[in-house]
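**Q** my questions are about this predicted structure, shown below with the sequence.
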Amino acid sequence: MALLPCVEINPPGGEADATVILLHGLGADGHDFEPIVPELGLPAESRVRFIFPHAPARAVTINGGMSMPSWYDIKAVDVDRSVDEKQLTQSAEDARAFVERERQRGIPSERIILAGFSQGGAVVLHAALTHPEPLGGLLVLSSYFATSDTIQAHEANSQLPVLVCHGTADPMIPEMLGQRIVHTLKARGYPAEYRSYPMPHAVHPNEIRDMGLWLKARLGL
């Protein structure tokens, strides 16, 4: 499978021993989360590669059919239900293609972390839980579990560490949808954690700090 275009940030020495693949939200691109890398507080000697793929442009129904970077079409404002699941699962495969490329570069699957914001979070939820090799972790930011009723999870990631972060004043994706992710995952036996921040549909400085601490714990940094 051909890889999507992406932004890639390699560790200073160039030789990575872990990878974070982070998918942006609707209408953004891979540069959106590029600035957070130095804010995560990872040790200077850490060898973590960051990959930020660009979503393809497609028509989005809720935005009047306007074409924009999007991982899948959203057909109605009840965003946790009315989505194009075929497009979402294809985007999950696109994300997993980066996992496979990292494996070919010598990164163990247990040291590959999938992350995503908003639409990107829904995609990586599906991608990680269906992946046939154990991953290092799953980070879901201001998102929802769009395929919770249809997903066929793989047992390889039945104990995948998951951190879900959400804003308490999110007008686009209500906090209850983030809370629902954790409730659903815990009911299915996943070790999911939840953290909330006083923010709208955005990223909070304390959230970036917590992301860094979580990454350090997951990767032993």
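**A** Now that the structure is in, tell me what you want to look at.
**Q** state the distance from the closest residue to Arg188 other than its chain neighbours to Pro12.
**A** Distances taken as C-beta to C-beta, 6 or more residues apart in numbering place Ala153 nearest to Arg188, at 7.4 Å, with adjacent residues excluded. Placement of C-beta: from N, CA and C, glycine included. Relative to Pro12, Ala153 is positioned 37 Å away (C-beta to C-beta, to the nearest Å).
**Q** and these two? Which one has more around it.
**A** Ala153 (17 against 9; other C-beta atoms under 10 Å).
**Q** quick one: that one and Thr130 touch, right?
**A** Yes. Using C-beta atoms under 8 Å, Ala153 makes contact with Thr130 at a distance of 6.1 Å.
**Q** for Val123, give me its contacts.
**A** Leu23, Trp71, Tyr72, Leu88, Ser91, Ala92, Ala95, Gly116 (C-beta atoms under 8 Å, 6 or more residues apart in numbering).
**Q** my read: Arg58 touches Ser67, true?
**A** Yes. Between Arg58 and Ser67 there is a contact at 6.4 Å, judged by C-beta under 8 Å.
**Q** could I get the buried residue list for stretch 200-214?
**A** Under the neighbour-count criterion of 16 or more other C-beta atoms under 10 Å, stretch 200-214 has His201, Val203, His204, Glu207, Ile208, Asp210, Met211, Gly212, Trp214 buried.
**Q** any stretches of the protein with poor pLDDT?
**A** 1, 78-81 (pLDDT under 70).
**Q** look up how far Thr184 lies from the residue nearest to Arg188.
**A** Ala153 sits 11 Å away from Thr184, going by C-beta to C-beta.
**Q** that older thread, before we move on, what SS does the residue nearest to Arg188 have?
**A** Following DSSP: H, G, I helix; E, B strand; the rest coil, the label given to Ala153 is coil.
**Q** gap between it and Val162?
**A** 12 Å.
**Q** same check, this time on Asn10
**A** 26 Å.
**Q** the two: which has the busier surroundings?
**A** Val162 (21 against 14).
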